[in-house]
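Asks: Model the following, please.
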Amino acid sequence: MLQKINLEKVLVLDIETVPTHPAYSKLDPKMQNLWDQKAKWLAKNGESTESLYERAGIYSEFGKIICISTGSFLSEYQGVIFETRSFSGHNELELLSEFEEFIITDAKTRPIFAGHNLQEFDIPYIARRMLINGLSLPPVLDLAGLKPWQIHHLDTMQLWKFGDFKHYTSLELLAEIFSIPTPKDDIKGSDVWRVYWEDHDLERIIAYCEKDVVTVAQLLLRFRGQSLLNSDQIRILS
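Replies: All right, here's what the predicted structure looks like:
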């Protein structure tokens, strides 16, 4: 199936998220209570719900998006180029508005989204945060009521499952077994909240997000039995 897909119609994407506030103590009492209700199911070995707040970024009701990186395959005279572009910032509404404008136009030529765990995390998270911020969903993200075969996503985690509902494989592990440079050579997903709220280093997070996008692109090529992109074929716009 993958061999039949024109990669120039694919938009690879990845998001990075953090808790909406730097600490549990900064939440208003109502949100603290709601987080407590959510986090009590996550607590193990006597952990407090407050200590678990650093994980809040993975839940769209308690987190926000600080970076969306995208990547596109382009054909040029010297061969295939993979070009990345990132939308980032502290103001989530502005970030999402810019991304919305981009995909409304881009979806005309690249209607297929690709990513790792895209279907269960990135796409739902973006859609929910757009609604929370008062934005209308563009058609390419308005998936309510669609049948599975009507949703044109390439999720590398789902592709690797081969129908196995129980199997989970990280992007880092797939990169290793397919001899793709790891995207986790600096930070990992669990570090993002600290790098953002404590180190105040958004640029480092953007670089990490872009590495994930490039890794997904490389993985798609390997799934198709094709050679990896070399460094000269990867163009970072941001």
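
Asks: For this structure, which segments count as helices?
Replies: Secondary structure of the chain (DSSP state H): helices located at 29-39, 92-106, 123-132, 156-161, 171-177, 192-197, 202-223.

Asks: Tell me which of those helices sits most buried.
Replies: Most buried of the helices of the chain, by mean neighbour count (mean count of other CB atoms under 10 Å): helix 202-223, with a mean of 22. Glycine gets a C-beta too; all of them are placed from N, C-alpha and C.

Asks: tell me the contacts of the residue nearest the centre of the chain?
Replies: For the chain, the residue sitting closest to the mean C-alpha position, by CA atoms, centre = their mean, is D14 at 2.5 Å. Residues in contact with D14 (CB atoms under 8 Å, 6 or more residues apart in numbering) are 68-69, 115-116, 122, 209, 212-213, 216.

Asks: ok, now with 6 Å
Replies: Applying CB atoms under 6 Å, 6 or more residues apart in numbering, we find D14 in contact with 69, 115, 209, 212-213.

Asks: any idea how far F121 lies from L42?
Replies: F121 sits 16 Å away from L42, going by CB to CB, to the nearest Å.

Asks: Could you do M31 as well?
Replies: For M31, the distance to L42 - CB to CB - is 16 Å.

Asks: Looking at F121 and L42, which one has more neighbours?
Replies: Higher neighbour count among F121 and L42: F121, with 18 against 11, using other CB atoms under 10 Å.

Asks: Check the residue of the chain most remote from its centre and give its pLDDT.
Replies: Centroid-distance maximum for the chain: G46 at 31.3 Å, with CA atoms, centre = their mean. pLDDT, G46: 79.

Asks: phi, psi of it?
Replies: Dihedral pair for G46: phi 80, psi 10, per degrees, to the nearest 10.

Asks: ok, and the closest non-adjacent residue to I132?
Replies: Excluding the flanking residues, the one nearest I132 by CB to CB, 6 or more residues apart in numbering is S60, at 7.4 Å.

Asks: what's the distance between stretch 37-45 and the middle of its chain?
Replies: Relative to the centre of its chain, stretch 37-45 is centred 25 Å away, using CA atoms, centre = their mean, to the nearest Å.

Asks: how about the CA coordinates for it, as PDB?
Replies: These are the backbone C-alpha positions of stretch 37-45, laid out as PDB (Å, rounded to 0.1, in the frame of the first residue of the first chain):
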ATOM      1  CA  GLN A  37      -9.800  13.800  39.900                       C
ATOM      2  CA  LYS A  38      -7.800  13.000  36.700                       C
ATOM      3  CA  ALA A  39      -4.500  12.300  38.300                       C
ATOM      4  CA  LYS A  40      -5.700  10.000  41.100                       C
ATOM      5  CA  TRP A  41      -6.000   7.200  38.500                       C
ATOM      6  CA  LEU A  42      -2.300   7.800  37.500                       C
ATOM      7  CA  ALA A  43      -0.900   7.800  41.100                       C
ATOM      8  CA  LYS A  44       1.200   4.800  42.100                       C
ATOM      9  CA  ASN A  45       3.000   3.900  45.300                       C
END
